[in-house]
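Enquirer: Return atomic coordinates for the entry below.
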Amino acid sequence: MGHNEQKPSTKPLRAVVYVRISDDPEGTERGVDRQEADCRAYAAAHGWEVAAVFRENDTSAFKQRTITLPSGERVRRVVRPQFRAMLKHLVDGQAQVMIAYDLDRAVRDPRDLEDLIDAKVLGGFTVRSVTGSLRLDTDSDVAMARVLVAMANKSSADTARRVARAAKQQAIEGAWHGGRVPFGYRAEAGALLIDPVTGPLVVEMYQRVLAGDSLYRIRKDWNQRGILTTHGCAWSDRTLKMVLYNPSNKGVREYRPVMPDGSRARTSKMQVKAAWPALVDEDT
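Expert: Next comes the predicted model:
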C-alpha cells in the first residue's frame, strides 16, 4: 500500500499581478514599477509563482467613455483593456491568484468590481492585495469591497468636480492653464511671456499669410532655416495651421471643458482677455 501512496503536490500556485496608475504624463511608468515590485514581493512571501503581469499605465479606473457594444447599444463604460484581459486569463484557469497593490488600484467603478466578483465565482481564484484592502473570500469581504468602491467612486467624482470648477475659474481670470507652452511664448513662474526668438516668427507667419504667401512656402522656408516646433519636429501644414488659428496669439484665453467621456470639448465655451501679452492684434 505504501508503494501506491502519492506524495502531495508541492507545485506553487500561479498568480497574476495587476498594476495601474491614473496619471503618468511623462510616461516613466515608475508608479506601476513600484506596485509591481511590491506585488511580486507579496507573491514570493506566500510561495506563489507570478505567471503574468497586467499593466495599465496612465489609465483611469474612474473616467468613463461612450462606447458601442457588439449589439449596437451605446453605453458609458470605464475602458481598461488589460483589466479585461486579466479577468479572462483568470476565468480560463491560467492562474489561481490575483494580486493588486490596493483595492483602488484594481477597481474604482462599481461595474468593474461586480465583473471581478463574477469572474471569481466562475474561475474560483483567490483575490488579494498588498495592503490587505481587497479580498473576496466571504460575503462580508464582498460587502466591504462594495462599500469601499462606492466611497472611492464618490471621492473621484468630487475631485473631478473640484478640478473642473478650478479650471473654469482660471479661464474666467484669463490665466494660463499650464501644459505645453504655445509656440511663440515661454513660461515663467506659471505665466506666459513672449519668447524673443519664436514670438517674432509667429508675427512673421501672420504677415506672410496676409501678404498672400502659402503655408507650403512658409513650411518649406522654416524647415530649411532649421526652425522646429514645440515638439522639436519639422513643420507641416497641419502644425502651421494649429499655430495660425491659436487664439492665444491674440491674447485670448479659451475655455474648452473636459466632457463626461473624458474628451475635451471641440468648440470653445468661453473666450476672455488673457493675462498674457498678445503677439498680434485681435483683428488680424
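Enquirer: Against which helices or strands is the lengthiest helix in the chain packed?
Expert: Among the elements of the chain assigned as helix by DSSP state H, the one spanning the most residues is helix 139-172. Taking 3 or more C-beta pairs under 8 Å, 6 or more residues apart in numbering; DSSP states H and E as contact, the helices and strands that helix 139-172 lies on are helix 103-106, helix 110-123, strand 252-255, strand 270-273. Where C-beta positions appear, they are placed from N, C-alpha and C, glycine not excepted.
Enquirer: Which one, of these, ends up nearest to residue 84?
Expert: helix 110-123 (8.2 Å; C-beta to C-beta).
Enquirer: packing partners for that closest one?
Expert: Against helix 110-123 (3+ C-beta pairs under 8 Å, 6+ apart) you get helix 81-91, helix 139-172.
Enquirer: Contacts for the shortest one, please.
Expert: Contacts made with helix 81-91 from outside it, assessed by C-beta atoms under 8 Å, 6 or more residues apart in numbering, are listed as 16, 18, 20, 52, 54-56, 59, 61, 95, 98, 106, 112, 115-116, 119-120, 122-123, 125.
Enquirer: Make CSV out of the helices and strands packed on helix 139-172 and add mean neighbour count, mean pLDDT and distance to residue 216.
Expert: Output for the helices and strands packed on helix 139-172, formatted as CSV (neighbours: other C-beta atoms under 10 Å; pLDDT from 0 to 100; distance: least, C-beta to C-beta, whole Å):
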stretch, mean neighbour count, mean pLDDT, distance to residue 216
helix 103-106, 23, 89, 50
helix 110-123, 17, 92, 49
strand 252-255, 18, 84, 27
strand 270-273, 13, 84, 30
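Enquirer: In TSV: these, plus distance to residue 210.
Expert: Written out in TSV, the entries for those read as follows (distance: least, C-beta to C-beta, whole Å):
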stretch	distance to residue 210
helix 103-106	54
helix 110-123	54
strand 252-255	19
strand 270-273	22
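Enquirer: Any stretches of this protein with poor pLDDT?
Expert: For the chain, applying pLDDT under 70 flags the ranges 1-9, 22-29, 58-71, 73, 75-76, 257-265, 284.
Enquirer: can you pull out the helices in it?
Expert: Here the chain has its helices, by DSSP H, at 30-45, 81-91, 103-106, 110-123, 139-172, 198-210, 215-224, 237-244.
Enquirer: Quick one: closest of the ones you listed to residue 267.
Expert: With C-beta to C-beta as the criterion, residue 267 lies closest to helix 139-172 of these, at 14.1 Å.
Enquirer: and the closest one with helix 110-123, angle?
Expert: Orientation of helix 139-172 against helix 110-123 (axes from the mean of the first three to the mean of the last three C-alpha atoms, to 10 degrees) gives an angle of 150 degrees.
Enquirer: For the remainder of this discussion, apply numbering that starts at 36.
Expert: From this message on, residue numbering opens at 36, which makes the last subject helix 174-207.
Enquirer: Pull out the buried residues from helix 174-207.
Expert: Judged by neighbour count using 16 or more other C-beta atoms under 10 Å, the buried positions of helix 174-207 are 177, 179-180, 183-184, 187-188, 191, 195, 202, 205-206.
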